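> Make a model of this:
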Amino acid sequence: MGKRPSLDFWHEFASTYSYIAAMRVEAAAARHDVEIVWRPFLLGPIFGAQGLTDSPFNTYADKGRYMWRDMARLCDDYGLAFRKPSAFPRNGLLAARVATVGVRDGWGAAFIRGVYEANFVHDQDITIAAVLAPIVIAAGGDVERAFADAATDATKTALRRGTDEAQARGASARRLRRAELHHRRRGTFLGPRPARTGPALGRQTRSLRETRSCSRSATNTACCRTPRAISCATSCPWPCCAPFVTASRRSSWSPRTPCPATIAGFSP
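Here you go, the predicted structure:
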């Protein structure tokens, strides 16, 4: 019998989309008989190497507003609790060091999920040891040993090497690739995005009008800002609306119909 396949799950505790993926990846791995290898790393040094001192979601207000709407929609779709953190991004250094210890000692997965819930569900400050300690206990770890080991040079070096490896593998683009995976792909490892029905479709339509509106041309206005958005959200074949419809509808679309927003140079 061949060796069981494994998947390296790279994650940063301040990353919004990583929260969604972390809460779903184990169930998906079980369906495919894949072992998850949890790989904590830090985005801060990677952003710093690119000249960034803050999250792009804070630097670019429009990107941030769309991301928080997107997070709320995705969590609603997948049945995940979500609360926008009062501070973003929170420094995940201590949590990542403790997670490195937990992965080594066998309680890392439960700890990682607990930290994400503390940050994105309970709005707790994950930079504080007192917040992390109950999560360590719930995950099955020893608090004193966990924090002592997290402060050692060996753990710090392991996390630093993990961050370097993540950067070498292109981790700086992970946010964009995750968003594309959630919105546009069918049959992914995590499975298709659930279809929206009833009130959820109404929220979807409102979001389409709000987030896809633009004033660059009358053509864009015709696509995204008129009452046509109601029918557009359920049957439009154009790429600007593709993230808001189900995969089942996409299969019946005609790829020959160009999107007027695309023609006008509007990039969703």
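
> contacts and neighbour counts: CA atoms only from here.
Noted.

> domain ranges for this structure?
6-184, 199-263 (automatic domain parsing).

> mean pLDDT lowest for which of those domains?
Per-stretch averages of pLDDT across those put domain 199-263 at the bottom, with a mean of 39.

> all strands for this protein, in order.
Taking DSSP state E, the strands of the chain run over residues 6-11, 35-40.

> For Leu80, which of those strands is the nearest?
Nearest to Leu80 among the strands of the chain is strand 6-11 (17.9 Å), distances taken as CA to CA.

> Check which helices and strands the closest one is in contact with.
Using 3 or more CA pairs under 8 Å, 6 or more residues apart in numbering; DSSP states H and E as the contact test, the elements touching strand 6-11 are strand 35-40.

> how big is the angle separating the strand it packs on from strand 6-11?
Relative orientation of strand 35-40 with respect to strand 6-11: 30 degrees, computed using axes from the mean of the first three to the mean of the last three CA atoms, to 10 degrees.

> Who does strand 35-40 pair with, and is each partner parallel or antiparallel?
In the sheet containing strand 35-40, its partner strands are strand 6-11 (parallel), by DSSP bridges.

> Could you double-check that Val37 sits in contact with Asp8?
Yes: with contacts defined as CA atoms under 8 Å, Val37 counts as touching Asp8 at a distance of 4.7 Å.

> quick one, which of the two is more surrounded?
Between Val37 and Asp8, Val37 has the larger neighbour count (other CA atoms under 10 Å), namely 14 against 11.

> Contacts only, for that one.
Ser6, Leu7, Asp8, Phe9 (CA atoms under 8 Å, 6 or more residues apart in numbering).

> again, but for Val34
For Val34, counting by CA under 8 Å, 6+ apart, the contacting residues are Arg4, Pro5, Ser6, Leu7.

> Nearest to Thr100, out of the residues you listed: which one, please.
Among the contacts of Val34, and counting by CA to CA, the member closest to Thr100 is Leu7, at 16.6 Å.

> Tell me where the stretch 51-200 of the chain has helices.
For the stretch 51-200 of the chain, the helices defined by DSSP state H, counting those that start in this stretch occupy 56-59, 61-78, 93-105, 108-120, 129-139, 143-150, 153-168, 174-184, 199-211.

> ok, Met67 touching Ser55?
No: counting by CA under 8 Å, Met67 stays clear of Ser55, with 11.9 Å between them.

> Please produce JSON lines containing the contacts of Val37, extended by distance to Arg160.
Converted to JSON lines, these look like this (distance: CA to CA, whole Å):
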{"residue": "Ser6", "distance to Arg160": "22"}
{"residue": "Leu7", "distance to Arg160": "20"}
{"residue": "Asp8", "distance to Arg160": "17"}
{"residue": "Phe9", "distance to Arg160": "16"}
